[in-house]
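Peer 1: no letters, just coordinates:
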């Protein structure tokens, strides 16, 4: 049954999206303001589950593409995503039935909500990642054999592109160059799909999950223990490390925010050092001794030790006290095909993926 | 009155296009083979003058984009330009009346001829440069206020883009990046225009001129003096320098072939050294003493001293004996607006444009 999302829902989903964003995807705060403004102007948003979609309905994800470090300085007006969306609709010559987040994490959790409020279209309670990822082919739709194109990119100046490519890696390549040219960020409408494809290949219930995570953090009212415990309970996650940020290096490279954060352990992790490597999103959490605590595609999220609130990679700063948690990713990624697309080796790390729950159990065993 | 172009016409136009290409635009030889093959398969091509176009007819230039150094190693099949052309036609939702070269110089003189043979469409006897230029906004249509977009780019793999931009500089920027991604060369359909716009802003008669230049060189049968004299007579050009190539430096940079050729003077130029700077096309010819003999937008063409045949920048080699000629460009470029778009300062040279005929007269005066 459809349900209506109001302002508090949007706030909760934004908080949860920052947790699922695993540090990347851009701070949802800006997107939240866009979505709230759109709701105030046009009324609440209808959230529908994938099961409610007619098989032949046309579903179009709406998103922002680019480096979060740029996005926070280049705030979209909400108009650009409408332009991209309508350009794709007109290119396809068919009415769009609903929009949907391409990723549940970060700013892109909010873009389709703002668009839905403006257009009156429902939002599907599913995404293609169950988290956030930096590249266009890193979606479960890609694993399902869906094409990213026809895809539309627009910028705030009024430039637009319609792409048709032979595969999703070419989409990523051409769209990334255009995004860099456009100043590092663009608005996109991508992976047009049928209701049937959405049901088969999407990750269902993820918007609701984001809302539950956000509500738990809000209800804990700054008590970090209960906030973090509730998040772990809801997500089936693990407490990986507690520490203070002692170093952050970052660079914007090829349209991505890449870098590394170093944490000096505190509490039970006193004396240990953790390195978190990121490319937009946190990819690998590894101690100085080389012990991997979690790696992509499992989720690595940094929470503020005081409030339990998620910290994005661009907000990582010297002196911050944080708790690092790991959350098991969707089963869809935990296949040889999935790991080929988003496993640590794709990102250039010479390690094999081991489920975060196994790594956590091993570490627990050793510390006893 | 329309006239039919056969194989000998194509050969002559290709030779003339290499002269008008001022060293750039890619060797027309490859394009000539494509066009001849298309004529053999589909029959002769109809050439019509701009005056014959209905005012509301849709005219679409077809061209290749990229660095000539890449193009000579990445021969188009003829299929790609058809794909780009048809994609633009379908995007515009209107029948195309005729195709037209965007530039009369180089490979791009041939692409629309091959396309015309395949599609049975006529080719308009006009272009937007009266020569060859390296960037998309460097056309008289741009001076006339026409938009380069909607524009389609395709590659031989099957990727394609439809661009819509706020101005022609953005078109150049986004299309250039995509072309680099596509391996350094792409096929494009660009500057869709009406018959009226083509008449007003095109450079009429340029295909016929190319054919006349080529015929003169062919008829001279390797006698360089008569070939060069005939070319100068037909084009109103000037003999600038005779010498031997003693150095060539070139690099492929940002999708362009850039470089410099150095010539040691011979005959009446004995003891002098000439430097020709190019970015795809020859831009400035300057003696070591700093005397400019010709500069863009006037045409600087290098001819083989033995045969009078044009030498493209990628064919410039140590030891070649050549004659450098200068040809006055179209009057459309000889305005403040024209010079802003294609004058020496746009290309980064700290010199003012002086008409090649004045420079030649001055030099002649001094040498007496």
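Peer 2: Yep, it's here. Bear in mind the structure is a predicted one, so any value in this text is a computation, not a measurement. Numbers count the residues shown, from 1 in each chain, chains lettered A, B, ... in the order given.

Peer 1: beta partners for residue A:301?
Peer 2: residue A:325 (DSSP bridges).

Peer 1: tell me the contacts of it?
Peer 2: A:19, A:20, A:21, A:22, A:23, A:237, A:282, A:310, A:324, A:325, A:326, A:327 (Cβ atoms under 8 Å, 6 or more residues apart in numbering or on different chains). For glycine as for every other residue, the C-beta is placed from the backbone atoms N, C-alpha and C.

Peer 1: can we see that at 7 Å?
Peer 2: Residue A:301 is in contact with A:19, A:22, A:23, A:310, A:325, A:327, counting by Cβ atoms under 7 Å, 6 or more residues apart in numbering or on different chains.

Peer 1: so what does the longest strand belonging to chain A touch, helix or strand wise?
Peer 2: When chain A is parsed with DSSP state E, its longest strand is strand A:238-253. For strand A:238-253, the packing partners by 3 or more Cβ pairs under 7 Å, 6 or more residues apart in numbering or on different chains; DSSP states H and E come out as helix A:224-235, strand A:256-265, strand A:292-295, strand A:321-327, helix A:356-367.

Peer 1: tell me the buried residues in that strand?
Peer 2: A:238, A:239, A:240, A:241, A:242, A:243, A:245, A:248, A:252 (16 or more other Cβ atoms under 10 Å in any protein chain shown).

Peer 1: before we move on, what about stretch A:274-287?
Peer 2: Applying a neighbour-count criterion of 16+ other Cβ under 10 Å, the buried positions in stretch A:274-287 are A:274, A:276-287.

Peer 1: where does the stretch 201-350 of chain A have low pLDDT?
Peer 2: Within the stretch 201-350 of chain A, the segments meeting pLDDT under 70 span A:222-225, A:254-255.

Peer 1: hmm, 90 instead?
Peer 2: Scanning the stretch 201-350 of chain A for pLDDT under 90 picks out A:220-227, A:250-258, A:279-280, A:306-309, A:312-316.

Peer 1: so how many other residues sit close to the closest residue to residue A:81 other than its chain neighbours?
Peer 2: In space, and not counting its chain neighbours, residue A:81 is closest to residue A:187: 4.5 Å by Cβ to Cβ, 6 or more residues apart in numbering or on different chains. By other Cβ atoms under 10 Å in any protein chain shown, 29 other residues sit near residue A:187.

Peer 1: neighbouring strands - and their directions - for the helix or strand containing residue A:187?
Peer 2: Using DSSP states H and E, the element containing residue A:187 is strand A:185-189. Pairing partners of strand A:185-189, with direction, according to DSSP bridges: strand A:58-66 (antiparallel), strand A:151-154 (antiparallel).

Peer 1: single out the most deeply packed of the ones you listed.
Peer 2: Ranked by mean neighbour count, the strands paired with strand A:185-189 are led by strand A:151-154 with a mean of 28 (mean count of other Cβ atoms under 10 Å in any protein chain shown).

Peer 1: quick one: distance of it to the chain centre.
Peer 2: Centroid separation for strand A:151-154 versus its chain: 19 Å, with Cα atoms, centre = their mean, to the nearest Å.

Peer 1: ok, is the helix or strand just after that strand in contact with chain B or not?
Peer 2: Counting by DSSP H and E, the next helix or strand C-terminal to strand A:151-154 is strand A:160-164. Yes - residues of strand A:160-164 contacting chain B under Cβ under 7 Å from any Cβ of the partner chain: A:160, A:161, A:162, A:163, A:164.

Peer 1: quick check: of those residues, which has the highest neighbour count?
Peer 2: Busiest of those [other Cβ under 10 Å] is residue A:161, holding 29 neighbours.

Peer 1: quick check: closest non-adjacent residue to that one.
Peer 2: Of all residues apart from its sequence neighbours, residue A:153 sits closest to residue A:161 (Cβ to Cβ, 6+ apart), at 4.6 Å.

Peer 1: and that neighbour, bridged to which residues?
Peer 2: residue A:161, residue A:188.

Peer 1: in this structure it contacts residue A:176, no?
Peer 2: No - assessed by Cβ atoms under 7 Å, residue A:153 is found out of contact with residue A:176, at 10.0 Å.

Peer 1: hmm, back to that, need the pLDDT of the residue nearest to residue A:81.
Peer 2: For residue A:187, the pLDDT comes out at 93.

Peer 1: roughly how far does it sit from residue B:311?
Peer 2: In this view, residue A:187 and residue B:311 are 48 Å apart by Cβ to Cβ, to the nearest Å.

Peer 1: any idea which element residue A:197 lies in?
Peer 2: helix A:195-201.

Peer 1: against which helices or strands is that helix packed?
Peer 2: Counting by 3+ Cβ pairs under 7 Å, 6+ apart, helix A:195-201 packs on no helix or strand.
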